[in-house]
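1. quick one, structure for this:
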Amino acid sequence: MIYSSLLLAFLLGLPMLSFSQEQQKYLNGKELFSAGRYSLAMETFKELTNPEVPNGFNEYASFYYALSAYHGGQPFIARDMFLQIESRYYQWRKMDEVYLWLTKIYFELDDFSRALEISAKIVSDQVNKKVRNLEAAELKRMNDLDSLKMLMDRFPNDPILAERLVQRISEQPMAVREIGLMESLVNEFDLNRSVFNVPDYSNNEKKASYNIAVIMPFMYNSLSDTRSIMRNSLVTSLYEGMLLAVDELDIVGKPVNLFCYDTQRSEAKTGEILQNDELKSMDLIIGPLYPEPSRVVSEFSYDYNINMINPLSSNGEVMGNNPYSFLYKSSTETQAYSAANFSRKNFSNKTAIIIYEQNERDSVFANIYKEELEKDSFNIIWFKGLNETNSRQALDSITATYERDLFGKELDSLRAIENYPIKLKHKEHSYDPDEWYEESLVIAPDSVGHIMMVSGKALFAANSISAVAVRGDKIPLIGREEWLYHPSVGFGQMEQLGTYMVAPTFYNENSSKYRALKESVIKHFKLVPNQYHVIGFDLVLGVGELLHANGKYFQVGIRNDQIVKSRLLPDLRFGNKNDNQVVPIIMFKDSNLIRVDRLYNVFIK
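-> Numbering: from 1, shown residues only. Modelled structure (predicted):
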């Protein structure tokens, strides 16, 4: 009997006690707990939990009371008892198991922050192993990136949390994937790069000069066709701008070499080009411009770890899942985030209308813009997709009116105002009394803080500007920089209305730097420069600077928010992303285009 009691005490982790009334209660409670009769077990254990009546079972009874509550479907009571144990018996040798159960409960209550805070108190290696497995399983339920990043900020040394955050970032489209943060966490916690598709820059090197492959549809075999030459002037202008940049870089001792390859807009021809061993030694690829060749080159870029950059596209899908792929322009997503940041800071009236053209690009922009504004308590009273057949009818809704009847003193006061637009209703009979009304806007004057028109087409631009002008209350209108290239859009009216434009490729044609480029283009190519000369010129200048500053994998230097000052276009800043994060917002002032995002201290997300 004595041996059995000793064995029982050992198994329970209890000191050797005589069979007392308290001990019997404790054992009864254990039997009820083992039988799954949790409510009765709680009643039995509760009698032994009073710390003012020491009985040798206080800690264990409290522990099993909490376990009974948990298994009985009462997690809050269980949590509170475990917290009492921590407060009352913080030196108890079983505290690590208390922390394990508290961690489990907080996870199940979706209080991830408190769960990680409690788990950090565990000392035992054995219990730590259990809690780490628990954490890994529970964090799989957390998908929200912002929540994971906030946790990472609070628990910066947690390797399991870091791995989960990297995993979630790696699952995002390239247009919004924070590659810089991924790279930082992978390096800090020595995570497997290949699992999360994080590039290895260990063979990065700085060189005296860099080789850049320009893979674009030059269409050399069609140069005898005038129409083909006209269609291909975009590519020619891009390349001419690049050549001028090469000369500039040579002057400052940062040489780059351009190697041209003609895709002829053909996937098959692009595949043939990539068989050339010379391409494997390139430090950077510019292009291609079209989807099929771009897909093939992206696979080549990924396989041979060569950076590539698209000079014109804002479509994040162009980057695919290739971490070596970049957009020179800001992506549609980045433009939407930037425009939303501008609107949050600039418009105190938080009522807005969002109209967008029904296509994939503009739908993506509109939905991101809407979601971002709603996070800041904006009220989107109208969210409408348009096409060419319904645009006029839909935009007429902005100027829609109704007849508001006028009576008594209000009528008298309005009639006293010279030329006030009140109207007399039609009378069925001459002896009917006069009835007066005014036409009032359905969307009340000054009730809307701004209108976002997400389309670059001339039809939508002209109609939206016309609608805002007709209203007469000067609702701020935000459009796209493409509006500048439509003859049907009046710049004077845009200035009068204070129209803003999202302008990722804005440059100032009145600047001395533009005049210098213009003179150079005329001198070398006998042409007046266009926007593609500017893009080609600034692109090669920018990447040339990045290559010489950081080596072949220039991204190793851009993740710290390094900014490359552009000659004409917006500065180049990638930050954690693979597209340019600088997105100007412009408007007319005194017949000149000016940037206003910097005036309002807008920070790009």
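
2. ok, Val246 - contacts?
-> 255-258, 540, 544 (CB atoms under 8 Å, 6 or more residues apart in numbering). Using the backbone N, CA and C atoms, a C-beta is placed for each residue, glycine as well.

3. just the buried residues out of those residues, in PyMOL syntax.
-> Buried residues within the contacts of Val246, by 16 or more other CB atoms under 10 Å, are selected in PyMOL with:
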select buried, resi 256+540+544
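
4. from the contacts of Val246, which land in helices?
-> 540, 544 (DSSP state H).

5. now do Asp432, the pLDDT please.
-> Looking at Asp432, its pLDDT is 64.

6. checking the nearest residue to Glu86 once chain neighbours are set aside next. Helix, strand or coil?
-> Distances taken as CB to CB, 6 or more residues apart in numbering place Val98 nearest to Glu86, at 6.2 Å, with adjacent residues excluded. For Val98, the assignment made with DSSP: H, G, I helix; E, B strand; the rest coil gives helix.

7. give me the most central residue, the protein.
-> Val176 (4.9 Å; CA atoms, centre = their mean).

8. my read: it touches Met319, true?
-> No. The pair Val176 / Met319 is not scored as a contact, 10.6 Å apart, by CB atoms under 8 Å.

9. how many neighbours does the residue lying closest to Ala458 once chain neighbours are set aside have?
-> Once flanking residues are discounted, Ala458 sits nearest to His486: 3.8 Å by CB to CB, 6+ apart. Residues near His486, counting by other CB atoms under 10 Å, number 14.

10. ramachandran coordinates for His486?
-> phi -110, psi 120 (degrees, to the nearest 10).

11. ok, now how distant is Glu108 from Phe33?
-> From Glu108 across to Phe33, the span is 20 Å (CB to CB, to the nearest Å).

12. more neighbours, those two?
-> Phe33 (21 against 14).

13. check contacts around that one.
-> So Phe33 contacts 41, 64, 67-68, 71 (CB under 8 Å, 6+ apart).

14. quick one, which of these are buried?
-> 41, 64, 67-68.

15. which of those residues fall within helices?
-> 41, 64, 67-68.

16. re earlier: let me see the contact set for the residue nearest to the centre of the chain.
-> Contacts of Val176 by CB under 8 Å, 6+ apart are 316, 331, 333, 577.

17. any idea how far the residue nearest to Ala458 lies from Lys457?
-> 8 Å.

18. now, the most widely separated pair of the contacts of Phe33?
-> Using CB to CB, the two most remote members of these are Tyr64 and His71, lying 10.2 Å apart.

19. so the residue lying closest to Gly449 once chain neighbours are set aside: helix, strand or coil?
-> Nearest residue to Gly449 in three dimensions, chain neighbours excluded: Asn349, at 3.0 Å (CB to CB, 6+ apart). With three-state DSSP as the basis, the three-state label of Asn349 is coil.

20. part of a helix, is Trp382?
-> No. Going by three-state DSSP, the assignment for Trp382 is strand, not a helix.

21. enumerate every residue touching it.
-> 353-355, 397.

22. let's see whichever strand or helix holds Val186 as CSV, backbone CA atoms only.
-> Counting by DSSP states H and E, the element that carries Val186 is helix 179-189. In CSV, the C-alpha atoms belonging to helix 179-189 read as follows (Å, rounded to 0.1, in the frame of the first residue of the first chain):
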residue,chain,number,x,y,z
ILE,A,179,10.9,40.8,-52.5
GLY,A,180,13.2,43.0,-50.5
LEU,A,181,11.5,42.0,-47.3
MET,A,182,11.6,38.4,-48.4
GLU,A,183,15.4,38.6,-49.1
SER,A,184,16.0,40.3,-45.7
LEU,A,185,14.2,37.6,-43.8
VAL,A,186,15.7,34.7,-45.8
ASN,A,187,19.2,36.1,-45.0
GLU,A,188,18.5,36.7,-41.4
PHE,A,189,16.9,33.4,-40.6
